[in-house]
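# okay, here's the prediction I keep looking at, along with the sequence it came from:
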Amino acid sequence: MSQHRTCFATIAGAVAITTFSSCDLILDIPERDAANHLICEGEACACESPWGDCNATLADGCEVDFSTSQVHCGGCRNLCSGGECEEGVCQCAAEFGDCDGEPTNGCESLLLTDPDHCGACARACLDECSEGTCRPGLIAAVNPTGALVLLPTGDLVTSTLPYHDIVVVRRDGGSHVWAQALFPLDTQATAGSVLTAADDGYLYWYWQTDSSGTPDGPGPTLALHRAPVPTGTEPVDRSTVVAILGSGLGMLRPPQQLVQRGDHLYYPDPYEQGGIIRLPAGGGAPESHLVGFGHYAAGIGLAKLGDDLFTFDSAQVYRLSASWPDAPAIPLIDASELQSIYAVGDQLAGISVDGSIRFTPVDAPVWSAPIATAWNLTTGACPPQGVAGPAALYVGFVVADLSQPCVAPAGIQAFLPTDEPRSVFDGNGISLAADADLLFMSLGDGVYRAAP
């Protein structure tokens, strides 16, 4: 009685099993292609590497070269879509990615348009993906001007032209007018109407008012107002709107930035010797306190980290502890060429006049190596628009012809203390706001959102 052996004529998927009296017999199949890469290994037939039998036909042996086959790349039925099969591995073309890790469908994701894998695997967009970049999605078709301010609810407020009405923009889409202004705002007097939603539960903004500080008076005169932050869709109770700083109320100069700590508001005075103005949050006489001896650059001069404030002059960055101004300002680190300063996580970030970005820890201050950017104060007429998020500094750069207004947007980038900068948007945002989940920007025709 003859002995029978089982011959496996393939590996990696398609297996043809035939019983013969010996392995050599199958290799003597009539009209068999001599170059079919079928060999004997002990008592079984096998395919030479990197070949395989994917049609389960012993007559043609191992007919597939796994190293180069586009439809059997590295194994039977591993379709190498969106790439080239090289040495049994599907190498994705630049615009494709293997984002599901499944070898049977190759490079299945088109990174140029896939909102779940935009520009790279697992980089998800909230809205449209175009040319490998997440495009901001419109959430409110308002005509914003000035700052975007995040509320404790996660929604935003901004002011709109021409009167600088205060509008609430819902983070998931939609908006409503919260407070209607009665006089047009002199836009030359300040960079924006809304300044901050402070920790004390009040929203602070500019309105035109009469000389007595009454928002409904015959006015108009520029004044800083406050009211409890919006929490719903109802308009503001105008009896709660109070002018706390303005003509007849002791305003030294209009604040361009406002930071709240305890029961006081602080803002930098970028004029004369460069001081910090301290103002009781409920209104009262402002106080001027000098820090250092130099001028502030034309940028953001105050950042808050925990209970400490940080500011700078032409020479030093200073820490202003909770007991300041009774306790002296503490020199922290060199501030030469600094244009603006921000608090990012537990670090300070600075933008220099040459456009470079630097970070420093607060407890052991030393500037990181500068991160070069395309913006430069000597070649651009407008400073970058920056906003600090919980983990990154988001900066909108504008490349400008010095003879023209700000033109040719250079895009919005995210800068991180421990990672490479990345592009967020290739257009220009008028103003930015960010939390841990979303980046918001106003683009002239409305307020948009994007993944941070």
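Perfect, thanks for sending it. Numbers count the residues shown, from 1 in each chain.
# so Pro103 touches Ser81, yeah?
No - between Pro103 and Ser81 there is no contact under Cβ atoms under 8 Å: 11.2 Å. (Glycine included, C-beta is placed from N, CA and C.)
# ranges for the strands of the stretch 1-150 of the chain?
Using DSSP state E, counting those that start in this stretch, the strands of the stretch 1-150 of the chain run over residues 5-8, 17-20, 38-41, 44-47, 51-52, 64-65, 83-86, 89-92, 96-97, 109-110, 129-130, 133-134, 137-140, 144-150.
# pipe those into TSV and attach mean pLDDT and mean neighbour count per row.
Listed next are those as TSV, based on pLDDT from 0 to 100; neighbours: other Cβ atoms under 10 Å:
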stretch	mean pLDDT	mean neighbour count
strand 5-8	40	17
strand 17-20	40	14
strand 38-41	73	17
strand 44-47	76	21
strand 51-52	88	25
strand 64-65	90	20
strand 83-86	93	17
strand 89-92	93	19
strand 96-97	94	22
strand 109-110	94	20
strand 129-130	88	18
strand 133-134	80	21
strand 137-140	91	18
strand 144-150	81	23
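# out of these, the one nearest Ser288 is which?
Of all the strands of the stretch 1-150 of the chain, it is strand 144-150 that lies closest to Ser288, at 23.8 Å by Cβ to Cβ.
# what packs against the following helix or strand past the closest one?
Next in sequence after strand 144-150, counting helices and strands by DSSP states H and E, comes strand 156-160. Packing partners of strand 156-160 (3 or more Cβ pairs under 8 Å, 6 or more residues apart in numbering; DSSP states H and E): strand 144-150, strand 165-169, strand 194-197.
# what sits against the residue nearest to Ile357 when sequence neighbours are not counted?
Take Ile357 and drop its neighbours on the chain: the residue closest to it by Cβ to Cβ, 6 or more residues apart in numbering is Ile371, 4.4 Å away. Going by Cβ atoms under 8 Å, 6 or more residues apart in numbering, Ile371 touches 356-358, 415, 421.
# can you do 10 Å?
Ile371 sits next to 349, 355-359, 393, 413, 415-416, 420-421 when contact means Cβ atoms under 10 Å, 6 or more residues apart in numbering.
# neighbour-wise, which of the residues you listed leads?
Within the contacts of Ile371, neighbour counts (other Cβ atoms under 10 Å) peak at Leu393, which reaches 28 neighbours.
# tell me how far Gly173 lies from Val447.
10 Å (Cβ to Cβ, to the nearest Å).
# if we can go back for a sec, mutual contacts of Pro103 and Ser81, please.
73, 90.
# name the element the closest residue to Trp324 other than its chain neighbours belongs to?
Leaving out its chain neighbours, the residue that sits closest to Trp324 by Cβ to Cβ, 6+ apart is Leu309, at 7.3 Å. Taking DSSP H and E as the criterion, Leu309 maps to strand 308-312.
# after that strand, which helix or strand is next?
That would be, after strand 308-312 and using DSSP H and E, strand 316-320.
# what angle separates that next one from strand 308-312?
160 degrees (axes from the mean of the first three to the mean of the last three Cα atoms, to 10 degrees).
# for strand 316-320, name the packing helices and strands.
Under the contact definition 3 or more Cβ pairs under 10 Å, 6 or more residues apart in numbering; DSSP states H and E, strand 316-320 sits against strand 275-280, strand 302-305, strand 308-312, strand 330-334, strand 338-344, strand 347-352.
# can you tell me which of those strands the model trusts least?
When the helices and strands packed on strand 316-320 are ranked by mean pLDDT, strand 275-280 comes last with a mean of 85.
# got the contact list for that one?
Contacts of strand 275-280 (Cβ under 10 Å, 6+ apart): 224, 244-245, 249-253, 255, 258-261, 263-269, 285-292, 296, 301-302, 309, 311, 313, 318, 320, 324-325, 329.
# might you specify the subset of those residues located within strands?
224, 244-245, 259-261, 264-269, 287-290, 302, 309, 311, 318, 320 (DSSP state E).
# ChimeraX command for the buried members of the residues you listed?
Of the ones in strands among the contacts of strand 275-280, the buried ones go into a single ChimeraX selection, burial set by 16 or more other Cβ atoms under 10 Å:
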select :224,244,245,259,260,261,264,265,266,267,268,269,287,302,309,311,318,320
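# per-residue pLDDT of Ser431, please?
In this model, Ser431 carries a pLDDT of 81.
# which residues touch Pro152?
Pro152 touches 197, 199, 201, 229-231, counting by Cβ under 10 Å, 6+ apart.
# so it versus Asp435, what's the distance?
Applying Cβ to Cβ to Pro152 and Asp435 gives a distance of 11 Å.
# now swap in Ser81 and tell me
38 Å.
# repeat that for Arg171.
Counting by Cβ to Cβ - Arg171 and Asp435 are separated by 9 Å.
# could you do Gly101 as well?
For Gly101 relative to Asp435 (Cβ to Cβ), the value is 32 Å.
# next one: Gln339
In terms of Cβ to Cβ, Gln339 sits 25 Å off from Asp435.
# over to Leu416?
Using Cβ to Cβ, Leu416 is found at 16 Å from Asp435.
# and Val407, what's its pLDDT?
48.
# if we can go back for a sec, looking at Gly173 and Val447, which is more packed in?
Legend: neighbour count by other Cβ under 10 Å for Gly173 and Val447, higher for Val447 (28 against 12).
# quick check: the more buried one touching Leu150?
No - using Cβ atoms under 10 Å, Val447 is not in contact with Leu150, being 11.8 Å away.
# who touches both of these two?
In contact with both Val447 and Leu150: 156, 171, 433, 440, using Cβ under 10 Å, 6+ apart.
# taking those, tell me the two that lie furthest apart.
Arg171 and Ala433 (10.0 Å).
# got any residues that touch both of the two?
With Cβ under 10 Å, 6+ apart, Arg171 and Ala433 have common neighbours 150, 156, 440, 447, 449.
# distance to Ile39 added to these, as a markdown table?
Formatted as a markdown table, the shared contacts of Arg171 and Ala433 follow (distance: Cβ to Cβ, whole Å):
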| residue | distance to Ile39 |
| --- | --- |
| Leu150 | 69 |
| Leu156 | 70 |
| Phe440 | 65 |
| Val447 | 68 |
| Arg449 | 61 |
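# quick one: which of those is nearest Glu108?
Arg449 (27.8 Å).
# ok, the closest one to Ala327 distance?
If you go by Cβ to Cβ, the gap between Arg449 and Ala327 works out to 41 Å.
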